[in-house]
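> structure for the following, please:
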Amino acid sequence: MLHEVINWLITTIGSMGYIGIFLLMALESSLVPIPSEIIMPPAGYLVQQGKMNMALVILSGTFGSLSGAYLNYFGAHYLGRPFLLKYGRYVLITEEHFRRVEDYFKTHGEISTFIGRLLPVIRHLISLPAGLAGMNHIKFSVYTLLGAFIWVCVLTLIGYFLGQNEALIKEYYHQVIIDVLAASAFLVIIYIFRHRRKLAKAQAGE
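Residues are numbered from 1 along each chain as shown. Predicted structure coming up:
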């Protein structure tokens with residue numbers, strides 16, 4: 001089944017080119033369940049075959065991810081936010097809860113958005129709370145781009161070096177997930193440590 005999907009994506013991407021990568025990654029980055037791990041490796045394979053350009057593939061995938069994230073971000077901000085403020089109390093979401101989410105993203109939005117773009121499942125959803133909380137648009141864009149760029153690079157390189165080998169793609173993809181989780185945990189620990197030091201200095205200066 002996966003082999004057929006990969007072949008279809010190679011054909012689709014090959015025929016639609018960079019626009020195909022952009023559109024597929026935009027869908028993947030919104031709420032459409034198209035996993036990026038079956039989009040970018042076939043594109044990387046086409047790069048290895050000399051049929052596509054590596055830089056353009058990565059840029060198409062990265063900006064496609066940003067576009068999909070924008071759909072979630074602005075949709076949540078302009079549609080979900082008024083709806084929750086008006087009807088949230090009926091499902092125990094009070095304005096106080098909402099303010100806590102807003103305060104959290106004002107303080108920790110950057111690290112949450114960046115790490116979220118690297119994690120399975122969360123990658124599709126992190127734009128929603130950011131939009132609901134009204135996270136600064138520029139910061140959201142920068143950290144979404146950074147996280148998406150890293151993820152797209154990793155998957156494209158997997159396809160470039162492993163080609164159409166399903167078994168190896170699965171094996172290395174699972175290893176990449178483990179490595180990304182470990183790196184994300186390390187970054188979160190560093191962030192927490194630095195944040196606490198910053199708070200301690202601020203309190204000491206009062």
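
> any stretches of the protein with poor pLDDT?
Applying pLDDT under 70 to the chain flags the ranges 1-7, 9-10, 14, 33, 84-98, 101, 164-169, 195, 199-206.

> need the helices for it, in chain order.
Taking DSSP state H as the test, the helices found in the chain are 2-16, 18-29, 40-48, 54-75, 81-87, 95-116, 122-125, 127-132, 137-162, 166-205.

> contact partners for the residue nearest the centre of the chain?
Taking Cα atoms, centre = their mean, the centroid of the chain lies closest to residue 117, which sits 2.7 Å from it. Residues counted as contacts of residue 117 (Cβ atoms under 8 Å, 6 or more residues apart in numbering) are 65, 69, 123, 126, 143, 144, 146, 147, 148, 150, 151. Bear in mind the C-beta positions are built from the backbone N, C-alpha and C, glycine included.

> show me the contacts for the closest residue to the first one other than its chain neighbours.
The shortest distance from residue 65 to any residue other than its chain neighbours is 3.7 Å, reached at residue 148 (Cβ to Cβ, 6 or more residues apart in numbering). With contact set as Cβ under 8 Å, 6+ apart, residue 148 has these partners: 29, 61, 62, 65, 66, 69, 117.

> residue 8 too?
Neighbours of residue 8 in contact, by Cβ under 8 Å, 6+ apart: none.

> how close does it get to residue 174?
Residue 8 sits 23 Å away from residue 174, taking Cβ to Cβ, to the nearest Å as the criterion.

> what do you get for residue 135?
As judged by Cβ to Cβ, residue 135 and residue 174 stand 31 Å apart.

> ok, now residue 41?
Distance, residue 41 to residue 174, by Cβ to Cβ: 13 Å.

> okay, those two: which has more neighbours?
Neighbour count, other Cβ atoms under 10 Å: between residue 41 and residue 174, residue 41 has more, with 29 against 11.

> who's the closest spatial neighbour of the more buried one, skipping the chain neighbours?
Spatial nearest neighbour of residue 41, excluding adjacent residues (Cβ to Cβ, 6+ apart): residue 159 at 3.1 Å.

> I'd guessed that neighbour sits against residue 40; true?
Yes: with contact defined as Cβ atoms under 8 Å, residue 159 reaches residue 40; the gap is 6.4 Å.

> neighbour-wise, which of these two wins?
Shown here are residue 159 and residue 40; by other Cβ under 10 Å, residue 40 has more neighbours (32 against 26).

> show me what contacts residue 47?
Residues in contact with residue 47 (Cβ under 8 Å, 6+ apart) are 53, 54, 57, 156, 159, 160.
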